[in-house]
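> Need a 3D model of the following:
(chains A and B)
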Amino acid sequence: MAKVMNVRIASAAVLLFFFTFAAAHAQSEERLHALAAEAAGSGQIDAAFMHFRSLLTEYPHSKYEERALFAMGEYYFRAADYRDAAQMLTSLLEGYPDSEGRLFALAYLLKIAERAGEEALAQKLKNEIVTLRQHSFLFRNFKEYKYLSPLSRKYRALYYIDKIEFYVDGELFAQISY
Amino acid sequence: MGSSLRKYLIKLSVTAFTVCALAVSIATVALNIVFSVSKKSVILSANSYFSQKISIAAMFYVPPNYIVLRDVSVAGAGAPVSKEAIVVPAVWARCSLKALILKRAVLISSMSLYRPRMNYFEFYNFLRNNFEQIMEFIRNLPEQDFRLSVRETALDLAQDDAKPDYVNVNAMLGIRRDAVWGFASLSRDLYSKAQAAPRRLMKGAPLQCNFNGVLRKDGFSLGSLECMKENLYSKLWGEFDGNTVGLKGFAFINTAFEERFRPQPAVGLFTKISSMFRQEPVSREVVGLSRKSLYLLDINCRLTVAFPGIQIDRLTFSLNNTPVSLKGSIVLTDPVSLELSCASSFGSAEGAPAENTNKLRVELKGALKNRTFNGNASLNLDLVSKKKDGIPVQKMEVGLKELIFYFDEYPRLKFRIGEVSGFFQTSSNEYRILLEQANGVASIKNEHLKFIKFNSRIYDGFLEGQSRIDITQSPVRILSVIRVRNVSAHRLEGLLVHFSKLHGRLASSMYFSNYPRLYLDGGMMIHDGYLYNFEFFKWLADLFNLPSLKKIDFSRVSSRFLVNTEGASLYGMALDSPDVNLHGYFSLRQNDLVNSRIALSLNRELLKQSPKFTPLLKLLREDSGALEFDFRLSGNLHGMNFQWLQSDFKRRLQEAIPGFIQRKLERGIEDIIESISAQ
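Residues are numbered from 1 along each chain as shown, chains lettered A, B, ... in the order given. Sure thing, here's the model as predicted:
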């Protein structure tokens, strides 16, 4: 009798899991993005990544694709999966040339190219970052660009007359001198 | 009895010997009389056959079967006629005695020419003028074995009245049935030129050639033609089929070879005679080719010979693994006409797609006469693959019009070029230059170092310079010094577009070297000119409402410049003008990245003209006669970043205006800069 009860409980658990997963799977892109943003805001980076991944898989051309690509790119970079990171960030740059995160996506790709020893590609990316924006410093000494990533990380780029510094959550991430 | 028999036999032998000797003497005398009488008719017959006058000093018979000709000479083709093209002191011809006596025919089985002297150009003229006759003579030769040897020929390469320059030639040609073989040994010896008859002082390294082949009814099959020298080994083989020649082969050449001479040994008669039959031993270097530096492999050529024309249908080979192909035609008339086109693809990995290779094309069209080439030439270079630290040029086109190249003073080569046009393209810019009336002298006598001096018109000015080229190094090392004088600066806009805004007479000196690093370093100066609508000053003029900045008269503009594989830079820039002074540097690196720092000084009187500046003038120190305006430029050339560097005036200005005004000004300047960049 106890055995039969155990089997029933196990079956119910499996069904519950199945229906929960299926319900989540069937959620709208807005809902998935909201879940991802919520997870990112509460510091649950892995969960945020899973939601952005579902968003990309389920809604490949959704209005959140740009944010999802950046999120996955930065997540893969954090996980030292540079190949997938480069793939996501390249898709972002190709699909969204005016993306708000373009500057930082380029910085990620630069770091990946430097790690891979791809000197020519790194030089090309440096050149693109340097020439991305034109500045004049009449009274100030630098110009700052900020970006809050989909994984709720704070990005900052400081353009000086002869160098660019990139910060992620206040830590120096990359520097380009020219 | 025995004694009388012996006496009888001796007497008989003496009598027989005497009779024989008498008979031989009579025959010799008789034949020599015949030859003496026939000499004139032989000369007449030869002269009717060939277009140039042939003379024979003596012709006689030497037992048992030799005919000897003394002092045979062929007169030169041009004036003066007295000049001899070929002189042969002795010709020994071996003939069939049986045919001579019974058939009264001279059937020559071998011929040796001793110590001939000939001028190369006269000899070439003789061959060219009598080509058909010589071919007919060869065709009419009786089908029999034959051997021809030439010993100790002094071939003079000097032209006209130049000092003699001899090449010693020994050669042999043998024909037995269908088989043909031969060898030749050539050495550039040093001769005493003080005497009328050349006397060899030193022997040069010999170039030895051997060949063998088979005569066919419709042509000739070349089994092999091998040429060897201390710095050379080559082998060719192929077919001569009617008018078509097909050859294949290879060659190794050591270009760093230095010609060595060894003293002519004082030898006795026996050694002298034996040396005539001995080939010079070839240096061991030939076998190993330890220092070879040029490899010509896979030579494959097909020529169509229709004298005097030679059509090069195809000539392909790989030069140090770089494929080269050549097509064209040569017409051996007077002048010799040339039309050649050479193409090569290089600098790519084997099997790389054709679009990923560098391409070189050289075309040459003109005529060659009296060792002078007259025509046009062009060179096109498309550089696709780029090496790190390589020349940042993607395309190069050089055109040479009215090119005259003089070889008559070889190894001193002179050239004159009516027009030299150059076009160079980098990833971001195009450069053009035109030189006219160019003259130059190249001295290539030295084995290692070649020198070139040149001068030309450059627009309305002059250019002169000299180069030193070290060919023994790899890559070839070039060092050049070039000076430009008195040229209108604005006419150099093809080299740099900014020159179009710069007026005045320019003078410049520059140094070029390609090793250990590629660079062009120099300086330039322009006196008493003006800047008109120079982009930067035009911007300042618009910004501060100072129209006089659109045209700035100056007493002197000068700058040093440096171009290398990392980029181009102007440093030590100085503009001296009553209203404006400018000093600083401007460097342009790869990918058009700029790094510049400029100190600009604007005269207080000039600033008073600006309604925008008038209120700011009170911020200037009373004792300061000018506004110092130091700034830096960076970023992309076509969208430069700008920073106004700290100065006393800037500090006073910052103190005088509130922060929000500063930010407004900042945005305003940014908009203006962006609008200028967009142009």
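> per-residue pLDDT, residue 17?
The chain I'm using is chain A. pLDDT, A:F17: 44.
> I was thinking of chain B, sorry if that wasn't clear
Looking at B:F17, the pLDDT reads 84.
> SS state for it?
Under DSSP: H, G, I helix; E, B strand; the rest coil, the three-state class of B:F17 is helix.
> neighbours of it, just the number please.
For B:F17, the count of nearby residues is 10 (other Cβ atoms under 10 Å in any protein chain shown). C-beta: built from backbone N, CA, C; applies to glycine.
> Could you do B:I417 as well?
22.
> outside of the helix or strand encompassing it, which residues touch it?
Using DSSP states H and E, B:I417 sits in strand B:412-425. Contact partners of strand B:412-425, identified using Cβ atoms under 8 Å, 6 or more residues apart in numbering or on different chains, comprise B:393-407, B:430-445, B:456.
> after that strand, next one along is what?
strand B:430-443.
> Which elements pack onto the helix or strand following that following strand?
The element immediately downstream of strand B:430-443 (helix or strand, assigned by DSSP H and E) is strand B:449-458. Under the contact definition 3 or more Cβ pairs under 8 Å, 6 or more residues apart in numbering or on different chains; DSSP states H and E, strand B:449-458 sits against strand B:430-443, strand B:461-470.
> between these, which gets nearest to chain A?
Among the helices and strands packed on strand B:449-458, strand B:430-443 comes nearest to chain A, with 20.5 Å by Cβ to the nearest Cβ.
> Sheet-wise, list the partners of the closest one with their directions.
When pairing is defined by DSSP bridges, strand B:430-443 lines up against strand B:412-425 (antiparallel), strand B:449-458 (antiparallel).
> Quick check: buried residues in the longest one?
The reference is to strand B:412-425. For strand B:412-425, burial by neighbour count (16 or more other Cβ atoms under 10 Å in any protein chain shown) applies to B:L413, B:K414, B:F415, B:I417, B:E419, B:V420, B:S421, B:G422, B:F423, B:F424, B:Q425.
> how far out from the middle of the chain is it?
Centroid separation between strand B:412-425 and its chain, computed with Cα atoms, centre = their mean, to the nearest Å, is 13 Å.
> ok so, going back, could you identify the buried members of the contacts of strand B:412-425?
Buried by 16+ other Cβ under 10 Å: B:394, B:396-400, B:403, B:405-407, B:433-436, B:438, B:440-442, B:456, out of these.
> near chain A, which residues of chain B show up?
Neighbours of chain A within chain B, by Cβ under 8 Å from any Cβ of the partner chain: B:590-591, B:593, B:595, B:632, B:634-636, B:639-644, B:650, B:654, B:662-663, B:665-666, B:669-670, B:673-674, B:677.
> Could you tell me which residues of chain A lie near chain B?
A:123-124, A:127, A:130-131, A:134-141, A:159, A:161-162, A:178.
> ok, now with 7 Å
Remark: the part of chain A in contact with chain B comprises A:127, A:130-131, A:134-140, A:161-162, A:178, using Cβ under 7 Å from any Cβ of the partner chain.
> List the buried residues of the helix or strand harbouring A:F49.
Assessed by DSSP H and E, A:F49 sits inside helix A:45-58. With burial defined by 16+ other Cβ under 10 Å, the residues of helix A:45-58 counted as buried are A:I45, A:A48, A:F49, A:M50, A:H51, A:F52, A:R53, A:S54, A:L55, A:L56.
> tell me which strands and helices it is in contact with?
helix A:29-41, helix A:65-78 (3 or more Cβ pairs under 7 Å, 6 or more residues apart in numbering or on different chains; DSSP states H and E).
> Now, the residues of chain B next to chain A that are in strands?
B:L593, B:N595, B:R632, B:S634, B:G635, B:N636, B:G639, B:M640, B:N641, B:F642, B:Q643, B:W644 (DSSP state E).
> what's the closest of those residues to B:G223?
Closest approach between those and B:G223, by Cβ to Cβ: B:L593, at 62.7 Å.
> OK, contacts around the closest one?
Neighbour list for B:L593: A:N127, A:V130, A:Y178, B:N636 [criterion: Cβ atoms under 7 Å, 6 or more residues apart in numbering or on different chains].
> wait, which of those residues is closest to B:S96?
Using Cβ to Cβ, A:N127 comes nearest to B:S96 of those, at 87.4 Å.
> name the helices or strands packed onto whichever strand or helix holds that closest one?
Assigned by DSSP H and E, A:N127 belongs to helix A:119-131. Using 3+ Cβ pairs under 7 Å, 6+ apart, the elements in contact with helix A:119-131 are helix A:102-115, strand A:171-177, strand B:626-636.
> of all these, which lies closest to B:A179?
helix A:102-115 (68.6 Å).
> count of neighbours near the residue nearest to A:E100 when sequence neighbours are not counted?
Closest residue in space to A:E100, ignoring its immediate chain neighbours: A:Y147 at 5.9 Å, by Cβ to Cβ, 6 or more residues apart in numbering or on different chains. Close neighbours of A:Y147, defined as other Cβ under 10 Å, add up to 18.
> B:F642 now?
So B:F642, with other Cβ under 10 Å, has 21 neighbours.
> which of the helices and strands packed on helix A:119-131 sits most buried?
helix A:102-115 (a mean of 21; mean count of other Cβ atoms under 10 Å in any protein chain shown).
> Would you mind listing the buried residues in the helix or strand containing B:T316?
When elements are assigned from DSSP H and E, B:T316 belongs to strand B:309-319. Residues of strand B:309-319 classed as buried: B:I310, B:Q311, B:I312, B:L315, B:F317, B:S318 (neighbour count, 16+ other Cβ under 10 Å).
> Let's have those residues in TSV, adding pLDDT.
Shown next, in TSV, are the buried residues of strand B:309-319 (pLDDT from 0 to 100):
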residue	pLDDT
B:I310	93
B:Q311	95
B:I312	95
B:L315	96
B:F317	94
B:S318	92
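> out of those, who's nearest chain A?
B:S318 (29.0 Å).
> Could you report the separation of that closest one from B:R361?
Distance, B:S318 to B:R361, using Cβ to Cβ, to the nearest Å: 17 Å.
> now do B:P658
Counting by Cβ to Cβ - B:P658 and B:R361 are separated by 66 Å.
> Please identify which of these two sits among more neighbours.
Taking neighbours as other Cβ under 10 Å, B:P658 and B:R361 compare with B:R361 leading, 15 against 9.
> Could I get the contacting residues of the more buried one?
Counting by Cβ under 7 Å, 6+ apart, B:R361 has contacts B:A343, B:N380.
> List the buried residues for the helix or strand where it lies?
B:R361 is part of strand B:358-369 when elements are defined by DSSP H and E. Using 16+ other Cβ under 10 Å as the test for burial, strand B:358-369 gives B:N358, B:K359, B:L360, B:V362, B:E363, B:L364, B:G366, B:A367, B:L368.
> Quick check: chain neighbours aside, which residue is closest to B:P335?
Distances taken as Cβ to Cβ, 6+ apart place B:K369 nearest to B:P335, at 3.2 Å, with adjacent residues excluded.
> Give me the pLDDT for that neighbour.
B:K369 carries a pLDDT value of 86.
> Return the residues in contact with it.
B:D334, B:P335, B:V336.
> Specify which member of the residues you listed is nearest to B:N168.
B:V336 (26.4 Å).
> What residues are bridge-paired with that closest one?
B:L368.
> ok, it touching B:R371?
No - at 10.5 Å, B:V336 does not count as touching B:R371 under the criterion of Cβ atoms under 7 Å.
> what pLDDT does the residue most central in space within chain A get?
Geometric centre of chain A, nearest residue: A:A71, 2.0 Å, by Cα atoms, centre = their mean. If you check A:A71, the pLDDT there is 96.
> In three-state terms, label the residue nearest to it when sequence neighbours are not counted for me.
For A:A71, ignoring the flanking residues on the chain, the nearest one in space by Cβ to Cβ, 6+ apart is A:P150 at 3.8 Å. Assigned with three-state DSSP, A:P150 falls in the coil class.
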